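Undergrad: Predicted model, plus sequence, below.
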Amino acid sequence: MDSMFDITNFMHRPLQTPWLLAPAVFILGAIVGSLLNVCIYRLPLEKSIFWPSSRCMNCLTSLRWYDNIPLLSYYLLKGQCRYCGAKFSSRYFWIECFTGLVFAGLFIYYLGLNDQIIDALGAQNAYRGVSDPSLLLMSVYAFLFCCFLIVVTFTDMDHREIPLSVTIPGTILGLALGVLAPYPWPLAWTPPLGAMFGGQFATPEQIFILPLAWQPWPYWMPTSEWFPMHSWQLGLMTSVIGALVGTGLVRAIRWIFSWGFGKEAMGIGDADLMMMIGAFLGWQAVLLVFILGVFIAMSYALCIFVLNRGRELPFGPFLTLATALLLWSPLPMHTVSQKIFFDGLFLLMMGSVGAILALLMAFGIRIFRFIRMAT
């Protein structure tokens, strides 16, 4: 019986060597990237992504399937239409290539997560025993999330607009994944009794560090009996609160500074984007994404001001970049952040101080604007 062929073990073996499967995943990503190109071009124009079929925008000739093979067709046709010789934008090729690289990178990242965590924390960790198929499913979830982020980035760059046809389906998908993969999925983990998860006056040794999972953190710890660990209720609540905090934060800041500047300070699409990110990741990650996105945007603005070159970008691409950096950095969560996000009194104080400072800044901008108009 022991010598019989074990089909389950055989199916797990390829997943244990993700580098060997990475080329196939890259090809899959390039194919998906071709579809994302269609979404990026058509969705802001409110066109169907299924009809009509791909065609040359110069001679309007429908492209044959062999002229629409991701990466390969562009290379063989030298970026030109077979029929009229019109040039195609090289961006189609690069988005397909970029999506393929993202898929392959995420596949290697998640399938190697077990070894990565073990190397960092030792053998006694919450990821011990997580199956390779579960890690594969995490990578699939990440693929889906990244597809939405890629479409958002390029539509915002092209049109200064983030279509609801992207963010609403993305938010719904984030809520659905919250139900299917509640914290701490894929871990079979329960918090120890009496553990402390946050507090400004607690030492790092006193705080129990929550393990990484698909939803980085639950909406709160310890959870109540209405939202037990591993339950769909907890996953849904984490996603719902994340979506509400994401869109509410940006809408509030937008309203305050629009009042101060006397014109629109931020696009409403940024609020929809943060709603989608919050539905996937929860409210704590949304706050970190916003802070990191503002820092990256200010750094970019300073660079183009000093160098006097480049062009201004909308805020959406900075938020998507911040999301990627937060999620897939080597250690995206750490003790300092957890101490803040699970300390209710400190959060209330910081939120109040932040709101007051934002109102004072907007009021000062409004007064300065009236003075300039008067002179």
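TA: Sure, I can see it. Residues are numbered from 1 along each chain as shown.

Undergrad: Quick one: mean pLDDT for stretch 289-299?
TA: Mean pLDDT, stretch 289-299: 92.

Undergrad: Please identify the buried residues of that stretch?
TA: By neighbour count on 16 or more other Cβ atoms under 10 Å, the buried set for stretch 289-299 is 289-290, 292-293, 296-297. The C-beta positions use only the backbone N, C-alpha and C, and glycine is treated the same way.

Undergrad: Among the residues you listed, name the ones in helices.
TA: 289-290, 292-293, 296-297 (DSSP state H).

Undergrad: Out of these, flag the one nearest to residue 248.
TA: Of all those, residue 290 has the smallest distance to residue 248: 11.4 Å, by Cβ to Cβ.

Undergrad: quick one: the strands in the protein?
TA: Read by DSSP state E, the chain holds no strands at all.

Undergrad: where does it have low pLDDT?
TA: Within the chain, the stretches with pLDDT under 70 are 1-15, 58, 60, 114-128, 310, 330-335.

Undergrad: Nearest to the spatial middle of it, which residue is it?
TA: residue 323 (4.6 Å; Cα atoms, centre = their mean).

Undergrad: Outline the domain layout of this protein.
TA: Listed domain ranges for the chain are 10-157, 160-375 (source: automatic domain parsing).

Undergrad: measure residue 245 to residue 178 for me?
TA: 14 Å (Cβ to Cβ, to the nearest Å).

Undergrad: Show me which of the two is the more surrounded one.
TA: residue 178 (28 against 21; other Cβ atoms under 10 Å).

Undergrad: OK, contacts around that one?
TA: Residue 178 sits next to 215, 235-236, 238-240, 279-280 when contact means Cβ atoms under 8 Å, 6 or more residues apart in numbering.

Undergrad: now do 7 Å
TA: 215, 235-236, 238-239, 279 (Cβ atoms under 7 Å, 6 or more residues apart in numbering).

Undergrad: Distance of it relative to residue 129?
TA: From residue 178 to residue 129 the distance is 23 Å (Cβ to Cβ).

Undergrad: again, but for residue 168
TA: In terms of Cβ to Cβ, residue 168 sits 37 Å off from residue 129.

Undergrad: Next: residue 269.
TA: 42 Å.

Undergrad: And residue 318, by the same measure?
TA: 38 Å.

Undergrad: cool, and residue 25?
TA: 25 Å.

Undergrad: ok, back up a step: and residue 318 and residue 129? which has more neighbours close in?
TA: Counted by other Cβ under 10 Å, residue 318 and residue 129 do not tie: residue 318 has more neighbours, with 25 against 12.

Undergrad: thinking again about what came up before, any chance of the contacts of residue 178 in JSON lines, plus distance to residue 67 and neighbour count?
TA: Formatted as JSON lines, the contacts of residue 178 follow (distance: Cβ to Cβ, whole Å; neighbours: other Cβ atoms under 10 Å):
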{"residue": "215", "distance to residue 67": "42", "neighbour count": "25"}
{"residue": "235", "distance to residue 67": "44", "neighbour count": "26"}
{"residue": "236", "distance to residue 67": "45", "neighbour count": "18"}
{"residue": "238", "distance to residue 67": "45", "neighbour count": "29"}
{"residue": "239", "distance to residue 67": "41", "neighbour count": "27"}
{"residue": "279", "distance to residue 67": "38", "neighbour count": "28"}
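
Undergrad: Just give me the closest of these to residue 349.
TA: Distances from residue 349 to the contacts of residue 178, taken by Cβ to Cβ, are shortest for residue 238, at 23.3 Å.

Undergrad: my guess is the closest one meets residue 282, correct?
TA: Yes: assessed by Cβ atoms under 7 Å, residue 238 is found in contact with residue 282 at 4.7 Å.

Undergrad: For the two, list the residues in contact with both.
TA: Joint contacts of residue 238 and residue 282 (Cβ under 7 Å, 6+ apart) are 215, 219.

Undergrad: what's the nearest residue to residue 208 if we skip its chain neighbours?
TA: residue 195 (3.9 Å; Cβ to Cβ, 6 or more residues apart in numbering).

Undergrad: Neighbours of the one you found, how many?
TA: 13.

Undergrad: likewise the one 10 residues further on?
TA: With neighbours defined by other Cβ under 10 Å, the count for residue 205 comes to 6.

Undergrad: Distance of it relative to residue 217?
TA: 20 Å.

Undergrad: hmm, back to that, can I get the buried residues of stretch 289-299 in CSV with distance to residue 29?
TA: Formatted as CSV, the buried residues of stretch 289-299 follow (distance: Cβ to Cβ, whole Å):
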residue, distance to residue 29
289, 23
290, 28
292, 25
293, 25
296, 25
297, 27
